[in-house]
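**Q** pasted the sequence and its predicted model underneath.
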Amino acid sequence: MAKPAVIIVGADKGGVGKTTVARTLLDYFSARRVPVRAFDTECPRGTLKRFHGDATTVVDLSQVPDQMKIFDTLSESQLTVIDVRAGLLSPTLRSLRDIGFIEAARKNQVTLAVFHILGPTIASLEEIAETSAFLTDAKYFLVKNFINNTHFFEWDQTTYDAYFRKVRNGVDITIPKLNEMASEQVELASVPFVSFIANKGPNGESAAYSFVLRGYVRHWLGNVWGEYDRIKLGDILGEQPEAKAAFG
Amino acid sequence: MAGPAHVFIVCSPRARVGKTLVARLICEFYRASGRPVEAFDLEPFEAGLSEFLPRLATRVSLANTRGEMALFDRLVADDEAGKVVDLGHLALEKFFSVAADIDLATETRRRGISTLVMYIADQTTTTLNTYRILRERFPALVFVPVYNDAFARGPELRRLFPAPAGGFVPLVVPQLSTALRGVIDRRPFSFESARRKPPPQLTPPLREELDAFVKRMFRELREVELALLMDRLKTSLAEGAGHPD
């Protein structure tokens, strides 16, 4: 990467699949051999850490020492992904503005991308206006995460469009629904999606996951990565051109 | 000695074209040669194969993920048992849709399992279109047309469903007499058991007809297996020589 890059994954509403999206991002960049570190703000437990233990540090983003742990150690040789817990997206962006990080993004000294995970409710839409106010100079991705069978904003597409139009440089991403049983089994296995697909356990040992469920996860992750390719995520973050995501 | 594992998917988009008869013959072909075989009955509403061969065939439904696992996880299992799927016409679309999603063709090939689609041919537009779509969508699978003389026959059928590449010959199922059909359509019924210990309904002429039918079908299935063996051999030689395929 030409400059330090940070991806923030968050939402003010809970239960919209933030950590799931963060996991797909870590898998995506790992597969492209992009060095990546992650911060999990589900302090003290850390859901992301359960799946990506080696790459993840659990932090309390409301504490200055932990903010320093992240933002004072940014490097252009390593991408930083922050999984922000429910309710902390706006406060986090406020803190980033206060410490001058958003200004640094505006001056092109760092790359900041925000994955704002939307649930299928009006409450999610209302977050957009507040969040986007901080992000005039960041890459802002509105991620529609189909974690259940709800049809997004089907009840009022006009309302959604009205919110979306307010966002300058906002880009839509759609995360399809993963088969429920496959999702449960990956949860139980506590491994990255790519390890599940490769039939590997938490320590790299051979596992005995269902071929059907692995197939569903592979198909789903392929679609998710297809979305990341579509928005040229690697280019946005200044990734080296030789990197290319592929399943092992 | 057990041979290499094969998966046979017997299918057609139409009902009552002889899918279950072909699936039964494949199961019994395995059993007659002392090889393990496992069969799956995917008739959503009316049991077929599982009623003819209750000890060999399991009825499965693709209505939920558990059913999909009960079928597909077995098809790619690391054992030497042949697998036979009697795919009811109403389950065809779901079966191939799941097979595409989970990439069955790649996984079976990776595990050295040959997958054959035994496709019952007829001249209707639905059957022709489905055949074309499936072959386009699953180029790694071997499609073997099945001419069931009791259902469809003639040079036009052979022109529309020619022999596939790779030395495979279409399977031809001769038409049986009504009397013999009456006997073999009783459930349960095993061709091999009936040949060994004929039931009272199997008169000497019918016994002779059954014997000739089973011998012919087993010979044709041996030819299919031989073609598979040759195909596998060619593939390994090509891989050994660093062939790009």
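**A** Received it, and whenever you're ready, just let me know what you need.

**Q** pull the distance from whichever strand or helix holds A:Tyr28 to the chain's centre.
**A** Assigned by DSSP states H and E, A:Tyr28 falls within helix A:18-31. Relative to its chain's centre, helix A:18-31 lies at 6 Å (CA atoms, centre = their mean, to the nearest Å).

**Q** quick one: secondary structure of whichever residue of chain A sits closest to chain B?
**A** Of all residues in chain A, the one sitting closest to chain B is A:Gly215 (2.3 Å; CB to the nearest CB). Every C-beta, even on glycine, is put in place using the N, C-alpha and C of the backbone. What DSSP: H, G, I helix; E, B strand; the rest coil gives for A:Gly215 is helix.

**Q** just the closest residue of chain B to chain A, please.
**A** For chain B, CB to the nearest CB, closest residue to chain A: B:Ile102, 2.3 Å.

**Q** about what we covered before: which residues sit in contact with the residue of chain A closest to chain B?
**A** For A:Gly215, the contact set (CB atoms under 8 Å, 6 or more residues apart in numbering or on different chains) comprises B:Phe72, B:Asp101, B:Ile102, B:Asp103, B:Leu104, B:Glu107.

**Q** now do 7 Å
**A** Contact analysis of A:Gly215 by CB atoms under 7 Å, 6 or more residues apart in numbering or on different chains lists B:Asp101, B:Ile102, B:Asp103.

**Q** just the pLDDT at it, thanks.
**A** With respect to pLDDT, A:Gly215 scores 97.

**Q** distance of it from B:Pro204?
**A** 52 Å (CB to CB, to the nearest Å).

**Q** quickly note the distance from the spatially closest residue to the residue of chain B closest to chain A that is not a sequence neighbour to A:Leu112.
**A** Among residues not flanking B:Ile102 along the chain, A:Gly215 sits closest, at 2.3 Å (CB to CB, 6 or more residues apart in numbering or on different chains). A:Gly215 is 36 Å from A:Leu112, where distance means CB to CB.

**Q** again with A:Glu180
**A** 34 Å.

**Q** who has more neighbours, those two?
**A** Each of A:Glu180 and A:Leu112 has its neighbours counted (other CB atoms under 10 Å in any protein chain shown); A:Leu112 has more, 22 against 14.

**Q** make sure the more buried one is indeed in a strand.
**A** Yes - per three-state DSSP, A:Leu112 lies within a strand segment.

**Q** who does it form a beta bridge with?
**A** A:Val6 (DSSP bridges).

**Q** before we move on, the earlier item: alpha carbons only: can I get the helix holding A:Tyr28 in PDB?
**A** The C-alpha trace of helix A:18-31 is given here as PDB (Å, rounded to 0.1, in the frame of the first residue of the first chain):
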ATOM      1  CA  LYS A  18     -20.800  -6.400  11.500                       C
ATOM      2  CA  THR A  19     -18.400  -9.100  12.600                       C
ATOM      3  CA  THR A  20     -19.400 -11.400   9.700                       C
ATOM      4  CA  VAL A  21     -18.500  -8.600   7.200                       C
ATOM      5  CA  ALA A  22     -15.200  -8.000   9.100                       C
ATOM      6  CA  ARG A  23     -14.400 -11.700   8.800                       C
ATOM      7  CA  THR A  24     -15.000 -11.700   5.100                       C
ATOM      8  CA  LEU A  25     -12.700  -8.700   4.700                       C
ATOM      9  CA  LEU A  26      -9.900 -10.400   6.700                       C
ATOM     10  CA  ASP A  27     -10.300 -13.500   4.600                       C
ATOM     11  CA  TYR A  28     -10.300 -11.400   1.400                       C
ATOM     12  CA  PHE A  29      -7.100  -9.700   2.200                       C
ATOM     13  CA  SER A  30      -5.400 -12.700   3.600                       C
ATOM     14  CA  ALA A  31      -6.200 -14.600   0.400                       C
END
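
**Q** now stretch A:110-126: average pLDDT?
**A** 82.

**Q** one more: stretch B:83-92?
**A** 97.

**Q** got a list of contacts for that stretch?
**A** By CB under 7 Å, 6+ apart, stretch B:83-92 touches B:7-15, B:19-20, B:23, B:26-27, B:37-44, B:48-49, B:62, B:74-75, B:95.

**Q** return the set of buried residues in it.
**A** By neighbour count on 16 or more other CB atoms under 10 Å in any protein chain shown, the buried set for stretch B:83-92 is B:Lys83, B:Val84, B:Val85, B:Asp86, B:Leu87, B:Gly88, B:His89, B:Ala91, B:Leu92.

**Q** same check on stretch A:188-205?
**A** A:Ala189, A:Val191, A:Pro192, A:Phe193, A:Val194, A:Ser195, A:Phe196, A:Ile197, A:Ala198, A:Lys200.

**Q** which residues touch the helix or strand hosting A:Tyr160?
**A** Assigned by DSSP H and E, A:Tyr160 belongs to helix A:157-165. Helix A:157-165 has contacts (CB under 7 Å, 6+ apart) with A:Leu125, A:Ile128, A:Ala129, A:Leu142, A:Phe153, A:Gly170.

**Q** any idea what the closest residue to B:Phe138 other than its chain neighbours is structurally, helix, strand or coil?
**A** Excluding the flanking residues, the one nearest B:Phe138 by CB to CB, 6+ apart is B:Ala105, at 5.5 Å. Recorded secondary structure, B:Ala105: helix (three-state DSSP).

**Q** enumerate every residue touching B:Ala105.
**A** Going by CB under 7 Å, 6+ apart, the list of residues near B:Ala105 reads B:Thr115, B:Phe138, B:Ala140, B:Leu141.

**Q** re earlier: quick check: the residue of chain B closest to chain A touching B:Phe72?
**A** Yes - counting by CB atoms under 7 Å, B:Ile102 touches B:Phe72, with 6.4 Å between them.

**Q** which neighbours do those two share?
**A** A:Phe211, A:Val212.

**Q** residues from chain A in reach of chain B?
**A** A:Asn179, A:Met181, A:Ser210, A:Phe211, A:Val212, A:Gly215, A:Tyr216, A:Arg218, A:His219 (CB under 7 Å from any CB of the partner chain).

**Q** again, only this time at 8 Å
**A** Residues of chain A found near chain B (CB under 8 Å from any CB of the partner chain) are A:179-182, A:210-216, A:218-219.

**Q** circling back: check which element follows the helix holding A:Tyr160 along the chain.
**A** With DSSP H and E, the next secondary element past helix A:157-165 is strand A:170-175.

**Q** what about the longest helix in chain B?
**A** If each helix of chain B is counted by residues according to DSSP state H, the longest one is helix B:204-240.

**Q** helix or strand with the lowest mean pLDDT in chain A?
**A** helix A:157-165 (a mean of 71; mean pLDDT, DSSP states H and E).

**Q** could you check the angle that helix makes with strand A:170-175?
**A** Relative orientation of helix A:157-165 versus strand A:170-175 (axes from the mean of the first three to the mean of the last three CA atoms, to 10 degrees): 120 degrees.

**Q** buried residues in helix A:157-165?
**A** A:Tyr160, A:Tyr163.

**Q** centre of the chain to that helix, how far?
**A** Distance, centroid of helix A:157-165 to centroid of chain: 23 Å (CA atoms, centre = their mean).

**Q** now do stretch B:35-52
**A** That offset, for stretch B:35-52, works out to 11 Å (CA atoms, centre = their mean).

**Q** would you state the strands of chain A in chain order?
**A** For chain A, the strands defined by DSSP state E cover A:5-10, A:36-40, A:56-58, A:79-83, A:111-118, A:139-145, A:170-175.

**Q** contacting residues around the shortest one?
**A** Spelled out, that is strand A:56-58. A:37-46, A:48-49, A:69.

**Q** out of those residues, which are buried?
**A** Buried among the contacts of strand A:56-58 (16+ other CB under 10 Å): A:Arg37, A:Ala38, A:Phe39, A:Asp40, A:Thr41, A:Glu42, A:Gly46, A:Leu48, A:Lys49.

**Q** sounds good, over and out.
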